[in-house]
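Participant: Generate coordinates for the sequence data below:
(5 chains)
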Amino acid sequence: MEIMQVESSLVCTRRVEGLKAVSMRVLRTASGSRMVAVDTVGVRKGNWVYTVSGSAARYAAGDFGIHTDLTIGGIIDHWPAEQE
Amino acid sequence: MEIMQVESSLVCTRRVEGLKAVSMRVLRTASGSRMVAVDTVGVRKGNWVYTVSGSAARYAAGDFGIHTDLTIGGIIDHWPAEQE
Amino acid sequence: MEIMQVESSLVCTRRVEGLKAVSMRVLRTASGSRMVAVDTVGVRKGNWVYTVSGSAARYAAGDFGIHTDLTIGGIIDHWPAEQE
Amino acid sequence: MEIMQVESSLVCTRRVEGLKAVSMRVLRTASGSRMVAVDTVGVRKGNWVYTVSGSAARYAAGDFGIHTDLTIGGIIDHWPAEQE
Amino acid sequence: MEIMQVESSLVCTRRVEGLKAVSMRVLRTASGSRMVAVDTVGVRKGNWVYTVSGSAARYAAGDFGIHTDLTIGGIIDHWPAEQE
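Facilitator: Residues are numbered from 1 along each chain as shown, chains lettered A, B, ... in the order given. Sure, this is the predicted structure:
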């Protein structure tokens, strides 16, 4: 799982069927690029999270019918990089 | 899901069976490289989209018989990077 | 799908069972690295193609018993990068 | 499988269902970035390990219900890079 | 499939169940990083090989119960890079 930081929510009015009802977040990776992930944990801006990719992302989303390749797996309580 | 921008359509007269009938777009990634994705949403040149990769791309294409590894998941309404 | 250019064929006398009978090509990616892909379309040296990766590569090969992670999906008719 | 070094454990009180009970470690890759992996082997800080990614990570975790995309596959006994 | 060169064998006394009996090799990628792959072909140090990643790696290993994400697919007979 990769470690990323929550940046914002994402507004998308036109989506494919399999992503209709889910909450999505824009995350920033360690290298500074942005990714979009499904959020079922309930994160807030600034949270450090680890993300589940690949087919496991659909399982982690709690519903295999959600066609995601990236899902937030959990919020990291303590994270050294925050102070670096 | 990765964020990309629509650049153009793609003309391919010779394809494998599993990609026969689909509409494909050339997308540009944040790092400037080009990717080819299946489009079922109906995007236009310049749109910012997020893309679904891996096995989820076949599900997101709405038909598991479409043998893609990248499908456009939705059009992003607002995207800060556009103004950067 | 990623865009690559056909460089050459590949001679491999010792292979695993699942790749015994297939035609394989060496492709060059946009960043200059080389990859090996299964070819069922019939490409020629210099052709620009898009490639299907992951589990979709086995489907795109037309036979799930071909144990590939990269298959040529189609030949691109027009490709701006060719003139760049 | 990729080779990484164990850096620390990970404290996450809020997780998705599929990662509830597992032990997780922060690993450092050869390029210096950090990843989070499920540990069923019992590693210690400083150990060199190889990691299993993708859908194989769920199998390697010993329980397909663990929704991980990275699992520690084994501890490397001798590893030249340690002395480099 | 990616092209790599065989560097050495790997000694790992503590492994997960799904990798118990297999022969593993350390390979070097074109960019110089090291990867660990399952070998069922019987390679030697210095051989150029192409590798199968993702779920296809388990199929290519000849036994889906081997929880690998990288398997050597074949030995390349002639490889220009060797002379470069």
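
Participant: Please identify which helix or strand holds the residue nearest the centre of chain A.
Facilitator: Residue closest to the mean C-alpha point of chain A, counted by CA atoms, centre = their mean, is A:Ala37 at 3.1 Å. Using DSSP states H and E, A:Ala37 maps to strand A:34-38.

Participant: Count the neighbours of the residue in chain A that chain B sits nearest to for me.
Facilitator: In chain A, no residue comes nearer to chain B than A:Arg15, which is 3.5 Å away by CB to the nearest CB. Glycine gets a C-beta too; all of them are placed from N, C-alpha and C. By other CB atoms under 10 Å in any protein chain shown, the residues close to A:Arg15 number 19.

Participant: And A:Ala30, by the same measure?
Facilitator: Using other CB under 10 Å, A:Ala30 has 14 neighbouring residues.

Participant: give me phi/psi at it?
Facilitator: Per-residue torsions, A:Ala30: phi -60, psi -30 (degrees, to the nearest 10).

Participant: Just the pLDDT at the residue nearest to it when sequence neighbours are not counted, thanks.
Facilitator: Leaving aside its sequence neighbours, A:Ala30 sits nearest to D:Ser33 (CB to CB, 6 or more residues apart in numbering or on different chains; 5.6 Å). On pLDDT, D:Ser33 comes in at 91.

Participant: So in chain A, which strand runs the longest?
Facilitator: Determined from DSSP state E, the single longest strand within chain A is strand A:2-9.

Participant: elements contacting that one?
Facilitator: Strand A:2-9 is packed against strand A:24-29, strand A:34-38, strand A:48-53, strand D:34-38, with contacts defined by 3 or more CB pairs under 8 Å, 6 or more residues apart in numbering or on different chains; DSSP states H and E.

Participant: Beyond the third one, next helix or strand please.
Facilitator: Sequence order places helix A:56-60 as the next helix or strand after strand A:48-53, per DSSP H and E.

Participant: Put the alpha carbons of that following helix into PDB.
Facilitator: Output of helix A:56-60 as PDB, limited to C-alpha atoms (Å, rounded to 0.1, in the frame of the first residue of the first chain):
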ATOM      1  CA  ALA A  56      -7.800  -5.300  -4.000                       C
ATOM      2  CA  ALA A  57      -9.100  -1.700  -4.300                       C
ATOM      3  CA  ARG A  58     -12.500  -3.100  -5.200                       C
ATOM      4  CA  TYR A  59     -12.600  -5.500  -2.300                       C
ATOM      5  CA  ALA A  60     -11.400  -2.700   0.100                       C
END
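
Participant: Tell me which other helices or strands whatever helix or strand comes next after it touches.
Facilitator: Remark: after helix A:56-60, the chain's next helix or strand is strand A:70-75, criterion DSSP H and E. Judged by 3+ CB pairs under 8 Å, 6+ apart, strand A:70-75 is in contact with strand A:34-38, strand A:48-53, helix A:56-60, strand D:14-15.

Participant: Can you redo those as CSV, where the extra columns are distance to C:Ala60?
Facilitator: Below are the helices and strands packed on strand A:70-75 laid out as CSV (distance: least, CB to CB, whole Å):
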stretch, distance to C:Ala60
strand A:34-38, 25
strand A:48-53, 21
helix A:56-60, 21
strand D:14-15, 36
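
Participant: wait, the residue of chain A closest to chain B sits on B:Thr40?
Facilitator: No: with contact defined as CB atoms under 8 Å, A:Arg15 does not count as touching B:Thr40 (10.4 Å).

Participant: partners of the least confident helix or strand in chain A by mean pLDDT, with directions?
Facilitator: Least confident helix or strand, chain A: strand A:14-15 with a mean of 86, by mean pLDDT, DSSP states H and E. Here strand A:14-15 has these sheet partners by DSSP bridges: strand B:70-75 (antiparallel).

Participant: Dump the partner strand to PDB, restricted to CA.
Facilitator: These are the backbone C-alpha positions of strand B:70-75, laid out as PDB (Å, rounded to 0.1, in the frame of the first residue of the first chain):
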ATOM      1  CA  LEU B  70      -7.400   1.800 -19.000                       C
ATOM      2  CA  THR B  71     -10.900   3.300 -19.100                       C
ATOM      3  CA  ILE B  72     -12.100   6.900 -18.500                       C
ATOM      4  CA  GLY B  73     -14.100   6.800 -15.300                       C
ATOM      5  CA  GLY B  74     -15.500  10.300 -15.300                       C
ATOM      6  CA  ILE B  75     -15.100  14.000 -16.300                       C
END
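
Participant: List of residues touching that strand?
Facilitator: Strand B:70-75 has contacts (CB atoms under 8 Å, 6 or more residues apart in numbering or on different chains) with A:12-16, A:19, A:36, A:67, B:1, B:25, B:27, B:35-41, B:43, B:47-53, B:56-58, B:60-61, C:1.

Participant: now do stretch A:21-31
Facilitator: So stretch A:21-31 is contacted by A:2-10, A:12, A:34-40, A:43, A:49, A:51, A:61, A:66, A:68, A:72, A:81, B:1, B:3, B:50, D:33-34 (CB under 8 Å, 6+ apart).

Participant: Selecting buried members of those in PyMOL, what would you type?
Facilitator: For the buried members of the contacts of stretch A:21-31, the matching PyMOL selection, counting by 16 or more other CB atoms under 10 Å in any protein chain shown, is:
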select buried, (chain A and resi 2+3+4+5+6+10+12+34+35+36+37+38+39+40+43+49+51+61+66+68+72) or (chain B and resi 1+3+50) or (chain D and resi 34)
